[in-house]
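Participant: I need the structure of the sequence given here:
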Amino acid sequence: MSFADKFVKTAQRILPSPFTIAVLLTGFTIVLALLFTESKYNHVLIEYKGQKKTVSLQKTQKLKYAINDEDSISIKIEAPNIVRVEDAYGIQLAAWKYDKKNKDLPLYNNFNIEPGLSLKTSLTQNPEPYLFQMFGFWEGGFFNFLGFAMQMMLILVLGHVLALTRPANRAIQALVKHCDTTPKAAFLVTFVSIFVALLNWGLALVLGAIFARKVGEYAARNQISLNYPLI
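Facilitator: Model (predicted):
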């Protein structure tokens with residue numbers, strides 16, 4: 001039994017299934033994130049006449065605070081770091097642009113327009129537990145990745161279909177006959193893969209793998225000694 005076979009059998013005996021490995025790696029990543037990262041100061045705490053509300057700066061939105069019909073203001077959040085205050089008639093009363101490195105320090109402030117306005121804003125962390133935030137990041141990242149995953153799947157599937165067509169198969173069979181040594185085989189597989197990658201990387205990925213497999217089958221059938229792992 002070769003060293004490679006021993007290594008594969010040992011790995012299969014020690015390691016769990018691929019799905020279990022994926023779950024363990026996900027959990028391990030979350031633990032590392034909890035230990036070495038912290039919640040960002042990407043929320044703003046708004047205090048107005050006894051009312052307090054924590055709002056995300058990551059989403060543009062408009063909030064209305066009404067004490068009575070005559071006493072109301074609107075808070076406009078402009079992602080990622082601007083807060084504007086308007087009165088009931090849409091006149092801007094104050095504006096803050098927060099520097100996230102200086103957590104509570106606004107870059108500019110027109111608050112003096114109406115000194116009697118009992119309103120305060122300050123940057124703060126997300127009030128949600130950080131573990132729940134991590135799950136939210138994972139969920140958002142996973143589902144945002146589906147569009148990209150669909151594109152990659154189509155590229156690979158369509159590339160595989162093209163690589164198995166008769167013209168591609170005839171070209172591979174013609175080139176395989178010249179792969180009678182390891183250097184020649186390595187050069188041809190590399191050259192063909194790079195050349196096809198100029199047209200489509202998905203096709204090159206699949207065609208290169210099929211070409212390498214055909215080279216191995218040709219060498220085994222004709223008893224040619226090749227370094228197949230290198231190919």
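
Participant: Ile77 contacts Leu57, correct?
Facilitator: Yes - look at Ile77 against Leu57 with CB atoms under 8 Å: they come within range, at 6.2 Å. (C-beta placed from N, C-alpha, C; glycine too.)

Participant: shared neighbours, the two?
Facilitator: Each of Val44, Val83 lies in contact with both Ile77 and Leu57 under the rule CB atoms under 8 Å, 6 or more residues apart in numbering.

Participant: skipping its backbone neighbours, what lies nearest Ile77 in space?
Facilitator: Using CB to CB, 6 or more residues apart in numbering and skipping the chain neighbours, the partner closest in space to Ile77 is Gln61 (5.0 Å).

Participant: ok, now how distant is that neighbour from Asp87?
Facilitator: Counting by CB to CB, to the nearest Å, the gap from Gln61 to Asp87 is 18 Å.

Participant: so Leu202 sits in a strand?
Facilitator: Leu isn't right for residue 202; it's Gly. No - using DSSP: H, G, I helix; E, B strand; the rest coil, the assignment for Gly202 is helix, not a strand.

Participant: what is the neighbour count of Ser193?
Facilitator: Neighbourhood size, Ser193 [other CB atoms under 10 Å]: 19.

Participant: got a list of contacts for the host helix or strand of Phe28?
Facilitator: Using DSSP states H and E, Phe28 falls within helix 18-36. Defining contact as CB under 8 Å, 6+ apart, one finds that helix 18-36 is touched by Leu15, Pro16, Tyr130, Leu131, Met134, Phe135, Trp138.

Participant: for the protein, which helix is longest?
Facilitator: helix 130-163 (DSSP state H).

Participant: in the helix or strand just after it, what counts as buried?
Facilitator: As assigned by DSSP H and E, the chain's next helix or strand after helix 130-163 is helix 166-176. Using 16 or more other CB atoms under 10 Å as the test for burial, helix 166-176 gives Ala168, Ile172, Leu175, Val176.

Participant: low pLDDT regions in the chain?
Facilitator: 1, 41, 48-49, 58, 65-71, 79-80, 98-123 (pLDDT under 70).

Participant: for stretch 25-44, the distance to its chain's centre please.
Facilitator: Centroid separation for stretch 25-44 versus its chain: 15 Å, with CA atoms, centre = their mean, to the nearest Å.

Participant: just to revisit the earlier point, which elements pack onto the longest helix of the chain?
Facilitator: Packing partners of helix 130-163 (3 or more CB pairs under 8 Å, 6 or more residues apart in numbering; DSSP states H and E): helix 18-36, helix 201-221.

Participant: what's the farthest-apart pair in the contacts of helix 18-36?
Facilitator: Leu15 and Tyr130 (30.5 Å; CB to CB).

Participant: what sits against the residue most central in space within the chain?
Facilitator: Centroid check for the chain by CA atoms, centre = their mean gives Gly141 as the closest residue, at 5.7 Å. Contact analysis of Gly141 by CB under 8 Å, 6+ apart lists nothing.
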